[in-house]
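Participant: Mind folding the following:
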Amino acid sequence: MELLRVRTLKKIILNRNKMHSNRRKFIKDASLLSAGVISGISGVSAASSPMSAASYRRIIGSNDRINVGIVGFSSRAKGSLIPAFQNHAKNQNCQIIGVSDIWNKRREDGKAFLEEKTGNKIKTWRNNEEMYDKNKIDAVIISTADFQHALHTVEAANAKKDVYVEKPFAETMADARVGLKAANDAGIVLQVGSQRRSGKNYHAAEKYIKSGAFGDVVMVEMTWNVNQPGRWRVYPNKVKDIKESDTDWKRYLMNRPYEKWDPRKYLEYRLFWPFSSGIPGQWMAHQIDTVHWFSGLAHPRSVAANGGIYLWKDGRTNFDTMTAVFDYGPLNDLSSGFQVVYSSRFTNSAGGTKEIYYSNGGELNMKTNKVTPNGGLSERHSKSMNMKPNQLDEFSLSDLKTKVVTSANTGVDNMTSNHMLNWMECIRSREKTNAPVEVGYNHSIANIMTTASMRTGLKATFDEKNQDVLAGGKVFKY
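Facilitator: Purely as a prediction, here's the structure:
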C-alpha cells in the first residue's frame, strides 16, 4: 500500500513539473502572438475541414454579389445581426434584398428598417416557401422563435441556401437531428450564433487550456443573473396589437402540438415551454458551448437540475430561477472529468454574468480575461504531501496580441460582427465556419438534458447510439 502511495505521489509530482514547463513555454511561445491563435476567424484551412462535393459546387465567385434574405424580423435581427452584417456588406459584396415574416406588421417594419439602413429596395415575403420559390437569394439569416431555428434551417438547406442561424439550434433532439442531417446533406455553409467562437479572448483561452499550461480543468462555475421584470415580456398593449388574422398561427406552430391562438406565446415565446426552454436555450447555450470548445467534449455525461417560478408569477411556464450541475468527461473513463455548475436568476442581479475555469494551479476568468493563481496549490499545503506548489503565472488574456478582424463601426459588439464576417467569408471559400452546425447540435444536447432534468426532477443522461436525451432512463419528449 505504501509503495503504491509513493508511486502515485511521484506521478503527481512529474505531472506538476510538466504543467509548469508547459505553462512557461506557452507564455513565451511567439506563435501565440500570430494569427494561428484564432485560426478560423476567417475560416479554417481546407486541409483541416475539406469541403463536401455539394459545397464545392456552390462556390461563389469573388465578383458575384451575395444576396441575403432575413427570416424573421426580430429584435435580435434589428438590434444586432443586421447592423453586424452591414458592417461588412460593402467589403464582402453582400446585400440584404428581402425579409420573410409571417406577421404583416414585422414584415412591413422590416422592409422600412432595411430600406433605410441599406438604401436598397427591399422585397417582402409572407413566408419562407414564398421566399425560396422566388429563388433570388443565396443565403439567409434566421432569427425566429427558439423552437423554429432547426426547422427553418431544414427549409433553407432543402433550398440549398447558406445559413446564419441564431441559438439555440434546437429545443428537442428530434429537431436537432433533422437540422444536423439536412445541413450536412446539403453541404451548406452554416454559422450558429454562438459568437463567443469569434471572440479574441475566447480563442486565446481555448489555446491556453489546450496547450496544457493551465492543467486539467477540475471545475467550471457559470452564472447569468439579472433583475429585470420586463425580461422577455412585452407591454400588454403590444400583446393586444396583434390579432390572429395578422399572422399565420398554424405556420408559426410548425411541429409543436396544436393549441388555440395565444398572442403571448407568439410574442413572449421565451416564457413558455415547448416554444422555448427559457434560460437554458437563451443564455446557457452561449456559456456551455465554451465548455465543449475548450474541453473538446461534445456534451455532458449527466445533468441534474432544478428551479422554479419563485417571483414572476405572470402565467409563464419557464423558470425564473434555475441551477444545473453537469458532469463532463470521457464516456469510457468515468474516473476522470470535471464538474460544471450553472446558475441563473431573473430576481436579483448580484454576481452578474461570469465564466470561471479552475485547475489545481489557479483560475481562468472570462469576465476579467485574466489567468491567476487564485486557489492554486500553495506551498503550505503541498509540503506535507512531498509535492511542489502549483501556482499559475498571472497574466491577462487581453495582452496576447492575437490577430482578429475588427468592426469598422461602433455600437455593435465585436464578437457578433466578427462572427458575421466569418460566415460571409466562408460563403465564398466554402470552408467551415467558426461555429458549424455540430456546435449547435452539441449545445442543444446540453440544453435539452438540462430541460429534461428540470421538468422531470430526474437525472438526465445521453443515449449515444440513438442520439436521445434520457431522464431516469426514459426518452425525454415534450
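Participant: what's the burial count for Ala174?
Facilitator: If you count neighbours by other CB atoms under 10 Å, Ala174 ends up with 15. All C-beta spots, glycine's among them, are computed from the backbone N, C-alpha and C.
Participant: With Asp246 instead?
Facilitator: Counted with other CB under 10 Å, Asp246 comes out at 16.
Participant: again with Lys260
Facilitator: 7.
Participant: ok now do Ala77, which residues does it touch?
Facilitator: Ile70, Gly110, Ile141, Ser143 (CB atoms under 8 Å, 6 or more residues apart in numbering).
Participant: Spatially central, which residue of the protein would that be?
Facilitator: In the chain, the residue lying closest to the centroid (CA atoms, centre = their mean) is Ser194, at 3.3 Å.
Participant: Looks like that one contacts Ile288 (just checking).
Facilitator: No. The pair Ser194 and Ile288 does not pass the contact test of CB atoms under 8 Å, sitting 9.9 Å apart.
Participant: Find residues that contact each of the two.
Facilitator: His443.
Participant: residue boundaries of the helices in the stretch 351-478 of the chain?
Facilitator: With DSSP state H, counting those that start in this stretch as the criterion, the stretch 351-478 of the chain has helices at 379-383, 414-429, 437-456.
Participant: Could I get these in CSV, plus columns for mean neighbour count and distance to Lys260?
Facilitator: Putting those into CSV (neighbours: other CB atoms under 10 Å; distance: least, CB to CB, whole Å) gives the following:
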stretch, mean neighbour count, distance to Lys260
helix 379-383, 12, 63
helix 414-429, 23, 37
helix 437-456, 26, 23
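Participant: mean pLDDT for these: which is lowest?
Facilitator: Lowest mean pLDDT within the helices of the stretch 351-478 of the chain: helix 379-383, a mean of 83.
Participant: pLDDT score for the residue lying closest to Ala350 once chain neighbours are set aside?
Facilitator: Using CB to CB, 6 or more residues apart in numbering and skipping residues adjacent in sequence, the residue nearest Ala350 is Asn225, 6.5 Å away. Note for Asn225: predicted pLDDT of 97.
Participant: isn't Asn225 right next to Thr323, touching?
Facilitator: No. Contact criterion CB under 8 Å: Asn225 and Thr323 do not qualify, at 11.5 Å.
Participant: what's the closest of the contacts of Ala77 to Asn360?
Facilitator: Ser143 (41.9 Å; CB to CB).
Participant: Contacts only, for that closest one.
Facilitator: Contacts of Ser143 by CB under 8 Å, 6+ apart are Ile70, Val71, Gly72, Phe73, Ser74, Arg76, Ala77, Leu81, Glu166.
Participant: Would you double-check that the first one falls in a strand?
Facilitator: Just to be clear, that refers to Ile70. Yes. Under DSSP: H, G, I helix; E, B strand; the rest coil, Ile70 sits within a strand.
Participant: quick one: it and Gln86 touch, right?
Facilitator: No. Ile70 is beyond contact range of Gln86, at 11.9 Å (criterion: CB under 8 Å).
Participant: between the two, which one's more packed in?
Facilitator: Set side by side, Ile70 and Gln86 show unequal neighbour counts under other CB under 10 Å, the larger going to Ile70 at 29 against 20.
Participant: ok, now how distant is Asn418 from Asn237?
Facilitator: From Asn418 across to Asn237, the span is 38 Å (CB to CB, to the nearest Å).
Participant: ignore the last one, Glu130
Facilitator: Distance from Glu130 to Asn237, by CB to CB: 30 Å.
Participant: Please say which of those two ends up with more neighbours.
Facilitator: Glu130 (12 against 7).
Participant: Hmm, Ser100 and the more buried one touching each other?
Facilitator: Yes. Using CB under 8 Å, Glu130 is in contact with Ser100, at 7.3 Å.
Participant: quick one: low-confidence parts of this structure?
Facilitator: Applying pLDDT under 70 to the chain flags residues 1-63, 400-413.
Participant: how about a cut-off of 50?
Facilitator: For the chain, applying pLDDT under 50 flags the ranges 1-14, 16-19, 26-50, 404-411.
Participant: list the contacts for the closest residue to Ala452 other than its chain neighbours?
Facilitator: Distance criterion CB to CB, 6+ apart; nearest residue to Ala452, sequence neighbours excluded, is Phe476 at 3.8 Å. Residues in contact with Phe476 (CB under 8 Å, 6+ apart) are Ile448, Thr451, Ala452, Arg455, Thr456, Ala460, Asp468, Val469, Leu470.
Participant: One more: Gly307?
Facilitator: Gly307 touches Ile279, Phe319, Asp320, Thr321, Met322, Thr323, Met454, counting by CB under 8 Å, 6+ apart.
Participant: Next, find the distance separating the fourth one from Asp101.
Facilitator: So the one you mean is Thr321. Thr321 is 33 Å from Asp101, by CB to CB.
Participant: and the contacts of Ala77, which of them are in helices?
Facilitator: Gly110 (DSSP state H).
Participant: ok, which pair from the contacts of Ala77 is furthest apart?
Facilitator: Maximum distance among the contacts of Ala77 (CB to CB): 11.4 Å, for Gly110 and Ile141.
Participant: Including distance to Ala174, could the helices of the stretch 351-478 of the chain go into JSON lines?
Facilitator: Shown next, in JSON lines, are the helices of the stretch 351-478 of the chain (distance: least, CB to CB, whole Å):
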{"stretch": "helix 379-383", "distance to Ala174": "50"}
{"stretch": "helix 414-429", "distance to Ala174": "26"}
{"stretch": "helix 437-456", "distance to Ala174": "10"}
